[in-house]
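Everything below, folded, please.
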Amino acid sequence: MSAVEEPVALTPLPVDPDSMKMLKRGAVGLGAVCFMALAGSAPITAMTGNVPIAVGFGNGIYTPGAFIVALVILTIFTVGYAAMSRHITATGSFYGYISHGLGQTMGMASGLLASVAYIVFEGSLIGIFSSFARTTIHNFGGPYIPWIWIAIFGIAVIAVMGYFDIEISGRVLGVFLVTEVAILLLLGFAVLFKGGGPAGLVPQALNPIKALTTAAPSAPGISPSVGIGLFFAFWSWVGFETVAVYGEESKNPKRIVPRGLFIVVISVGVLYVFISWMAIAGNGPAKAIALARSSNPFSMFFNITQSFVGVWAKDIYEVLIITGSFACALAFHNAASRYIYALGREAPNKSIRKVLGATHEKHKSPYAASLIQSVITLGIILAFFWLQKPSAAAPDVAYDYVYGLLAILGTMIILILQSLTSFSVISYFHVRKEHPETANVFRTFLAPLIGALGMIYVVYLLFKNLDFAAGAAASSPFFKAIPWIVLAVALIGIGYSLILWKTQPEVYRQMGRTVLVEAHERDSDAELETDAVNPI
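Model prediction:
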């Protein structure tokens, strides 16, 4: 079979009227969509957790330049991604885009991979949420609470929120996001207005060319790599692509999704460049590298928050890391449950459609898929708690294993899917020749091609530095299984789609083709008159 299939005339998927119900139409506007995607990127967690690794073991003081490189590549990728979103509005964005561009077989494999990525991302963020909460509560004089109880509490709260209207999650994420960005900007501008630390503002840190050619100064037992810095820079953006996941629930998807994608990818990038630069300037180049390689790399941010702003700000910073990681877990829960819902509503089995493809009568939330996602996350967390023992090198199971290993698995998948999405854009507009009015040499060919090559290079960097990225957790059996998990999920998706192609060709042709009628067929974005969907 060819990966790129000829367009075919499609008929509606035969489903029970009660088994395919729409998500709540017009529930969220541009602001809420951006808040949810920005929360998925978790700015305070990305800065506090990823910048020290990039500075200490990657690009050194040129880490802000690495963020500039990532910003440019991801913005170019977004050009094609946004072009696709103007014509296809589907809850399973990667699933829908790749199905339309590269065919249903690749689409099903991508849909399963995306579901796994967002499923494990929730587990990953629950891990770091538990670790931060346990440490901060203890540091503030509270009792020592085992991380597993904090994790279960977080999963339970997210499960309740996933049951209700998406607007509730949007408001909560908006509050958490504003507070974490506010403390980061407070720190950044405090350093900027005071002229930096002992070496001034260190403007050379912004040089993207140096970020590509210069690693941090070596030290005994340390072999820094430019690739590590670039990988952790790209990792920091994961979550921005979920803007498209909320298309069906947004008020004007053909406008909101493309605009939201650019707003999120650029605003996140500018924030990351600025804060990473100020972290290096505030500490000074030599001290920044030393702290990044210390036993407490987070002090790279805590110390300058206290010295440039105040002890009160440092205390607030520590609390906001907890709320920020929780918000990120909630955002990924929403994305995962919507992927499960998108796959479920197209399942050939009527019983599966009635469960996974169901939405709440009142809240219009994918409540069944959301509950299943919560159960899966609980299972993942309990498995790590029971099976993964701490070691001298990695004593914090929640942080070292749950957060680190699940993030590596999810990030690997997302980068692969972004590459496939870029190729699907090229195929959709230039091979299948859909929507010639949108096709453009740069927008739908060169930009996606450059974006795809950039993502492939980052995946290569990940494989090349996989042991380092896992750190002390590299000895875990789960770590060794990560590439095989990715391959197995992809093969399951391919095998399942081929079985349907052979046994139920009509169902096969519908895979990944359920899109919003208005977003696909109408020119007017303001009309919200029908709740129907139409397989194209």
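
Tell me which residues touch the closest residue to S267 other than its chain neighbours, please.
The shortest distance from S267 to any non-neighbouring residue, by Cβ to Cβ, 6 or more residues apart in numbering, is to L38 (7.3 Å). Bear in mind the C-beta positions are built from the backbone N, C-alpha and C, glycine included. For L38, the contacting residues are L177, V181, G239, F240, V264, S267, V268, by Cβ atoms under 8 Å, 6 or more residues apart in numbering.

Relative to Y95, how far out is T78?
From T78 across to Y95, the span is 18 Å (Cβ to Cβ, to the nearest Å).

Over to A32?
22 Å.

neighbour-wise, which of those two wins?
Each of A32 and Y95 has its neighbours counted (other Cβ atoms under 10 Å); Y95 has more, 29 against 23.

So the more buried one sits against L343, correct?
Yes: with contact defined as Cβ atoms under 8 Å, Y95 reaches L343; the gap is 7.0 Å.

Please enumerate the shared neighbours of these two.
Listed as contacting both Y95 and L343 by Cβ under 8 Å, 6+ apart are G111.

Pretty sure L230 sits against A215.
No: contact criterion Cβ under 8 Å: L230 and A215 do not qualify, at 10.6 Å.

Pick out whichever of these two has more residues nearby.
Legend: neighbour count by other Cβ under 10 Å for L230 and A215, higher for L230 (27 against 20).

Tell me the secondary structure of the more buried one, please.
With DSSP: H, G, I helix; E, B strand; the rest coil as the basis, L230 sits in helix.

Nearest residue to it in space, ignoring adjacent ones along the chain?
Looking at L230 with Cβ to Cβ, 6+ apart, the closest residue is A66, at 5.4 Å.

ditto for L184
Nearest non-adjacent residue to L184, counting by Cβ to Cβ, 6+ apart: I275, 5.2 Å away.

and the one you found, helix, strand or coil?
helix.

That one and G188 touch, don't they?
Yes: with contact defined as Cβ under 8 Å, I275 reaches G188; the gap is 5.2 Å.

who has more neighbours, the two?
Set I275 next to G188 and count neighbours by other Cβ under 10 Å: I275 wins out with 25 against 22.

so for the helix or strand containing the residue nearest to S267, what's the average pLDDT?
Element membership for L38, per DSSP states H and E: helix 30-41. Mean pLDDT, helix 30-41: 78.

quick one, what contacts G512?
Under the criterion of Cβ under 8 Å, 6+ apart, the contact partners of G512 comprise A90, G92, Y95, G96, I98, S99, H100, Q104, G107, M108, G111, E346.

Quick check: ChimeraX command selecting the buried ones in these.
Filtering the contacts of G512 down to the buried ones (16 or more other Cβ atoms under 10 Å) takes a single ChimeraX command:
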select :90,92,95,96,98,99,100,104,107,108,111,346
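
Please produce CSV containing the contacts of G512, extended by distance to H138, secondary structure and pLDDT.
What follows is those, written out as CSV (distance: Cβ to Cβ, whole Å; DSSP: H, G, I helix; E, B strand; the rest coil; pLDDT from 0 to 100):
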residue, distance to H138, secondary structure, pLDDT
A90, 45, coil, 67
G92, 41, coil, 66
Y95, 42, helix, 86
G96, 45, helix, 85
I98, 45, helix, 93
S99, 48, helix, 91
H100, 51, helix, 91
Q104, 51, helix, 91
G107, 47, helix, 92
M108, 46, helix, 92
G111, 42, helix, 90
E346, 47, coil, 80
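
Return the closest of the contacts of G512 with respect to A336.
Nearest to A336, judged by Cβ to Cβ, of the contacts of G512 is G92 at 10.8 Å.

about what we covered before: what's the overlap in contacts for L230 and A215?
G58, N59.

mind listing the strands for the stretch 401-536 of the chain?
Along the stretch 401-536 of the chain, counting by DSSP state E, counting those that start in this stretch, strands occupy 514-516, 533-535.

Looking at the contacts of G512, which is nearest I316?
Taking Cβ to Cβ as the measure, I316 lies nearest G92 of those, at 37.7 Å.

that older thread, show me what counts as buried in the helix holding L38.
Buried residues in helix 30-41 (16+ other Cβ under 10 Å): L30, A32, V33, C34, F35, M36, A37, L38, A39, G40, S41.

Can you tell me the number of residues neighbouring the residue nearest to L230?
32.

Equivalent analysis for the one 5 residues further on, please.
For L71, the number of neighbouring residues by other Cβ under 10 Å comes to 20.

Would you tell me what helix or strand the residue nearest to it when sequence neighbours are not counted is located in?
In space, and not counting its chain neighbours, L71 is closest to G269: 3.3 Å by Cβ to Cβ, 6+ apart. In the assignment (DSSP H and E), G269 maps to helix 253-283.
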